[in-house]
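Participant: Kindly generate the corresponding structure for this input.
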Amino acid sequence: MIYMPLLAEAQQAAGGTIEIENVDVVPMDFIWTQITALTWLQAVLAISFGVVYLMYGWRIFRVLVVICFALIGMFLGIKVGQFMGSQIWGGILGLILLAAISMPLMKWCVCLLGAVAGGILTAGVWYAFELPQMYIWAGATVGIVAGGMISFIVLKASVMLFTSLGGSVITVVGMLALLHLYEGLQEPVTTYVHDLVMEQNWFFPLVLTIPTIIGIIIQNKFVKHSHKWEL
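Facilitator: Predicted structure coming up:
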């Protein structure tokens, strides 16, 4: 490796050792907070909507694309609004702007979401194998490139990919929330769900990937029997 001599020289110049820390990049604390914030009713609604999203996302993908870009625009607008003096107006303007842009550029937006979905899946594989999180972008890049290429070649595959992943995320979060609430009713109270999500790197990527694959298979069967469906 060409970097090894450079590291050795830097180490000698510094007169010490060089340690590369495995920085926590994946926001598991944030994910767990979202899971525990749901009530049982919200969790049931999330599961219901997630299953529909997972199996029939191809029928409503245009609406889902607009919603996704509107939320992205709102997030970016809030960030920009922090420097402009009004987060509310920044979020509103960002939401309207990206939602409006996504409608005439629907196919490009679908390809972008497909690439992002591919990046999330491969980043999940990187995280599951407990590889250094500070380089997780390398695993995500592979998925982004692969997902983008597939999206440009077979656009329907991109629709099935990002809708299946989106439905999987919502469904899994709802199920984990219900299991967490159920654990809180036990005597004594158990923490199996928390331990799996927070301490077992393989668990969360696995429970997201399996429903995603199932959703792609189901949607592919539905699309084949729907001759009127077009992008």
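Participant: okay, and the helix or strand of the protein with the least pLDDT?
Facilitator: None of the helices or strands of the chain scores lower by mean pLDDT, DSSP states H and E than helix 3-14, at a mean of 41.
Participant: count of residues packed around residue 146?
Facilitator: 16 (other C-beta atoms under 10 Å). For the C-beta atoms, the positions are set from N, CA and C on the backbone; glycine is no exception.
Participant: Against residue 54, how distant is it?
Facilitator: For residue 146, the distance to residue 54 equals 21 Å [C-beta to C-beta, to the nearest Å].
Participant: before we move on, what about residue 185?
Facilitator: 28 Å.
Participant: Equivalent analysis for residue 73, please.
Facilitator: 25 Å.
Participant: Now the residue nearest the centre of the chain. Nearest residue, chain neighbours left out?
Facilitator: Most central in the chain under C-alpha atoms, centre = their mean is residue 120, positioned 5.3 Å from the mean C-alpha point. Once flanking residues are discounted, residue 120 sits nearest to residue 165: 6.5 Å by C-beta to C-beta, 6 or more residues apart in numbering.
Participant: Wait, that neighbour touches residue 123, no?
Facilitator: No: using C-beta atoms under 8 Å, residue 165 makes no contact with residue 123, being 11.8 Å away.
Participant: And the helices in the protein?
Facilitator: Along the chain, the stretches classed as helices by DSSP state H are 3-14, 28-37, 40-56, 61-84, 87-102, 106-128, 136-153, 155-184, 192-199, 203-224.
Participant: burial measure for residue 93, as a count.
Facilitator: 17.
Participant: sorry, that was for residue 189
Facilitator: Neighbour tally, residue 189, other C-beta under 10 Å: 8.
Participant: same deal with residue 127?
Facilitator: 20.
Participant: which ones are touching it?
Facilitator: By C-beta atoms under 8 Å, 6 or more residues apart in numbering, residue 127 lies in contact with 26, 133, 136, 139, 201, 204-205.
Participant: now do residue 143
Facilitator: Per C-beta under 8 Å, 6+ apart, neighbours of residue 143: 115, 117-123.
Participant: Can you tell me, leaving aside adjacent residues, what's nearest to it?
Facilitator: That would be residue 122: by C-beta to C-beta, 6+ apart, it lies 3.1 Å from residue 143.
Participant: Centre of the chain to stretch 38-51, how far?
Facilitator: Here stretch 38-51 is found 18 Å from its chain centre; the criterion is C-alpha atoms, centre = their mean, to the nearest Å.
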